[in-house]
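# Got a predicted structure plus its sequence, pasted below:
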2 protein chains.
Amino acid sequence: MTASILSNNPPALQRKTTTARVVDLLRDQILSGALPEGIQLRQEKLAAELGVSRVPIREALHQLEAEGLVRQESHKGAVVSGLSIDDLEETYEIRARLETWLLELSMPLMTAQHYQQAEEILAQIAEDQQDENWSSLNWAFHAALYAPANRPQTLALIRKLYLNAYRHFPLPIRLTGGRERMNREHQLLLDLCRAGDIERAKDHLEQHILMGARHLISRLKALRRREGAPE
Amino acid sequence: MTASILSNNPPALQRKTTTARVVDLLRDQILSGALPEGIQLRQEKLAAELGVSRVPIREALHQLEAEGLVRQESHKGAVVSGLSIDDLEETYEIRARLETWLLELSMPLMTAQHYQQAEEILAQIAEDQQDENWSSLNWAFHAALYAPANRPQTLALIRKLYLNAYRHFPLPIRLTGGRERMNREHQLLLDLCRAGDIERAKDHLEQHILMGARHLISRLKALRRREGAPE
DNA sequence: GTAATGGAAATTGGATCCAATATCCAATCT
DNA sequence: AGATTGGATATTGGATCCAATTTCCATTAC
């Protein structure tokens, strides 16, 4: 390839700096799993592939390190970081706490329009037969439920946890409980919201999140066992 | 001054990279309030003061940007970021949620040793007449209560929120409710833990956090009103 | 007098060059 | 043979140099 996966320069104005675009690109690749956990990120290689010098690469790596997506050691370079099983479990517990809270704040403020919007996202999920956009649609559904709570920082935090937890898994593993169960749970959650039953909705959401975590973790454990002792 | 606030090189080995030390230094200065919200960070000036080239400065700024401590715009440089009042309030709400949760997990696992440790921190706070270490001791007390829960990620997250919220205020403002009230609340919280009364302990902790937020915010509002419209 | 314009100075962004450290492999010693 | 050492190679870290953008101020037009 010639120069530049990056050079999709917006025709009119190129507002973003090279470093920022490198950050965005690498973040996408990591969160999507294209750059899997544990892989070495060589500065020169990346620079060549993206058609830039090493400087923006280095600045990008520092930024990603602060975001927790890569780890760097002094003269050894950058590696895409992973999550231990304990970390993963904890991440889901935090999500369960914060999401049930946002739902509680949100429910009294929900209007027909909100229900409508959530319903549409569920319809999109149903249409998405190949699950190409499953992850982002799933997030969109959750986010739609919490929107009325108007807690942008919390929402951003949860989103970060969500993406960071999911990224490690190839798609088949993410849909642990099966599409149908997921869809049923989402629909039930939305129905409980419509009914205004805050307690049951919270309980259900908590189960939804923690069950997902449990399935994911058991699959992951099995996977890692099969692979022997992955360093 | 000659070269280098940084050059406290550990006599034996200098393990850390220059960039990392710049990050640590700037983070400390920002979180301690030495570099106040809104101040411009000129790369060349910093480089000269620290006795290094601009490269590690730039990498450090990118890292701090990812941590949310500074904001950068394309050719305009870096500015120490602030929190809006809404953001501040939200931060405290998140803390209230997560900390009451950790306390709930923690309490059944607490032993005499944990009580002892917390008590010692309270003693240190009492001794610290000038409140030099008030902020870190206050955090240490909270962290000590949550230690048995064994949720390192959550604890790190809360700590980050804590520091990021407090940094904007000069010390007198932080101790909004007055030393005595703070100490009384801490002592009561610890007593409730000893008594094993989870519900009351959680309630009290929540009030402790949210009241602190309310006082802080009202003081801050007054302060900003007095200053006219600070950009 | 005020607004607009042009250009110099200041500042950031990116590339290249050099130094420091780590890694790898062959030669040597036990 | 296996461990160890020494040096070549690869890779990262830091400094300097150049280009691009913004900021500021003086000049000009109205």
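Looks like it arrived, so ask away.

# Could you list the low-pLDDT ranges of chain A?
Where chain A drops to pLDDT under 70, the residues are A:1-14, A:170-177, A:227-231.

# out of everything not next to it in sequence, what's closest to the residue positioned nearest the centre of it?
Taking Cα atoms, centre = their mean as the criterion, residue A:163 is the residue nearest the geometric centre of chain A, at 1.5 Å. Spatially, and ignoring its direct neighbours in sequence, residue A:163 is nearest to residue A:31 (5.1 Å; Cβ to Cβ, 6 or more residues apart in numbering or on different chains). Heads up, the C-betas are built off the backbone N, CA and C, glycines and all.

# The helix or strand hosting the one you found near DNA strand D anywhere?
Using DSSP states H and E, residue A:31 sits in helix A:18-32. No: using Cβ under 7 Å from any atom of the strand, no contact is recorded between helix A:18-32 and DNA strand D, whose separation bottoms out at 10.6 Å.

# I'd like to know which elements that helix is packed against.
In this structure, helix A:18-32 makes packing contacts with helix A:43-50, helix A:54-67, helix A:152-166, judged by 3 or more Cβ pairs under 8 Å, 6 or more residues apart in numbering or on different chains; DSSP states H and E.

# interface residues of chain A facing DNA strand C?
Contact residues (Cβ under 7 Å from any atom of the strand) of chain A with DNA strand C: A:17, A:18, A:19, A:52, A:53, A:54, A:55, A:56, A:59, A:74, A:75, A:76.

# at 10 Å what do you get?
Proximity of chain A to DNA strand C, by Cβ under 10 Å from any atom of the strand, involves residues A:3-4, A:6, A:14, A:16-22, A:43-44, A:47, A:50-60, A:73-77.

# Which members of the residues you listed are classed as buried?
Applying 16 or more other Cβ atoms under 10 Å in any protein chain shown to these, the neighbour count classes A:6, A:18-22, A:43, A:47, A:50, A:52, A:56-60 as buried.

# re earlier: name all residues that make contact with the residue nearest to residue A:163.
Each residue near residue A:31 by Cβ atoms under 8 Å, 6 or more residues apart in numbering or on different chains is listed here: A:69, A:163, A:164, A:166, A:167.

# Then residue A:196?
With contacts defined as Cβ under 8 Å, 6+ apart, residue A:196 is in contact with residue A:107.

# quick revisit: how close does the residue nearest to the centre of chain A get to residue A:225?
Distance from residue A:163 to residue A:225, counting by Cβ to Cβ, to the nearest Å: 26 Å.

# Could you do residue A:136 as well?
Taking Cβ to Cβ as the measure, residue A:136 falls 31 Å from residue A:225.

# The closest residue to chain B within chain A - nearest residue in space that isn't next to it in sequence?
Of all residues in chain A, residue A:66 sits closest to chain B, with a separation of 3.5 Å (Cβ to the nearest Cβ). For residue A:66, ignoring the flanking residues on the chain, the nearest one in space by Cβ to Cβ, 6+ apart is residue B:66 at 3.5 Å.

# State the distance from the one you found to DNA strand C.
14 Å (Cβ to the nearest atom of the strand, to the nearest Å).

# can you pull the contacts of that residue?
With contacts taken as Cβ under 8 Å, 6+ apart, residue B:66 has the following neighbours: A:62, A:63, A:64, A:65, A:66, A:67.

# any bit of stretch A:43-61 sitting next to DNA strand D?
Yes: for stretch A:43-61, a contact with DNA strand D is found by Cβ under 10 Å from any atom of the strand, at A:43, A:44, A:45, A:46, A:47, A:53, A:54, A:55, A:57, A:58, A:61.

# mind checking how far the residue nearest to residue A:163 is from residue A:98?
Between residue A:31 and residue A:98 the computed distance is 20 Å (Cβ to Cβ).

# same deal with residue A:165?
With the distance defined as Cβ to Cβ, residue A:165 ends up 13 Å from residue A:98.

# Now do the buried residues in stretch A:110-117.
In stretch A:110-117, residues buried by neighbour count (16+ other Cβ under 10 Å) are A:110, A:114, A:115.

# just how off-centre is it within its chain?
24 Å (Cα atoms, centre = their mean, to the nearest Å).

# Give me the contacts around that stretch.
Outside of stretch A:110-117, the residues within contact range by Cβ under 8 Å, 6+ apart are A:144, A:145, A:147, A:148, A:190, A:193, A:194.
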